[in-house]
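S.K.: Model the structure of this input:
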Amino acid sequence: MTEPTIADKKPTVMELEAGDYWWCTCGQSQNQPFCDGGHKGTDFTPMKFTIEEKQKVALCLCKHTQNPPFCDGAHSGL
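M.R.: Below is the predicted model of the structure:
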């Protein structure tokens with residue numbers, strides 16, 4: 001698998017507490033947008049990101065963003 005699976009063609013908007021998170025890069029996770037190990041056996045690895053303070057974020061589910069893990073609207077061109 002060299003191309004990520006598109007989990008959805010819209011972002012997931014959620015409020016996250018401060019802390020470290022692991023964003024799914026492969027699209028195979030059943031716990032989108034977070035990694036559940038579904039990438040095992042592929043060339044993909046999850047991406048760690050840190051939220052400094054509680055905030056609302058739009059996390060990419062199409063896996064084509066140029067600003068991972070955040071949505072940049074790339075899904076509109078898919």
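S.K.: Looking at Ser76 now. What's its pLDDT?
M.R.: pLDDT, Ser76: 94.
S.K.: Can I take it that it is in a helix?
M.R.: Yes: counting by DSSP: H, G, I helix; E, B strand; the rest coil, Ser76 is located in a helix.
S.K.: What segments of the protein are strands?
M.R.: In the chain, the strands defined using DSSP state E lie at 12-16, 19-23, 47-51, 55-59.
S.K.: okay, and for this structure, where does confidence drop off?
M.R.: Residues of the chain meeting the criterion pLDDT under 70: none.
S.K.: ok, the spatially closest residue to Asn31 that is not a sequence neighbour - contacts?
M.R.: Using C-beta to C-beta, 6 or more residues apart in numbering and skipping residues adjacent in sequence, the residue nearest Asn31 is Cys24, 7.6 Å away. Placement of C-beta: from N, CA and C, glycine included. Cys24 makes contact with Ala7, Asn31, Gln32, Pro33, Phe34, Cys35, Asp36, Gly38, His39, Pro46, Lys63, according to C-beta atoms under 8 Å, 6 or more residues apart in numbering.
S.K.: is it possible to export the residues you listed to CSV including neighbour count and distance to Gly19?
M.R.: CSV is the format used below for those (neighbours: other C-beta atoms under 10 Å; distance: C-beta to C-beta, whole Å):
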residue, neighbour count, distance to Gly19
Ala7, 19, 22
Asn31, 11, 16
Gln32, 18, 18
Pro33, 24, 15
Phe34, 15, 12
Cys35, 21, 15
Asp36, 14, 17
Gly38, 18, 22
His39, 19, 21
Pro46, 19, 15
Lys63, 25, 22
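S.K.: I'm done for today, thanks for sticking with me.
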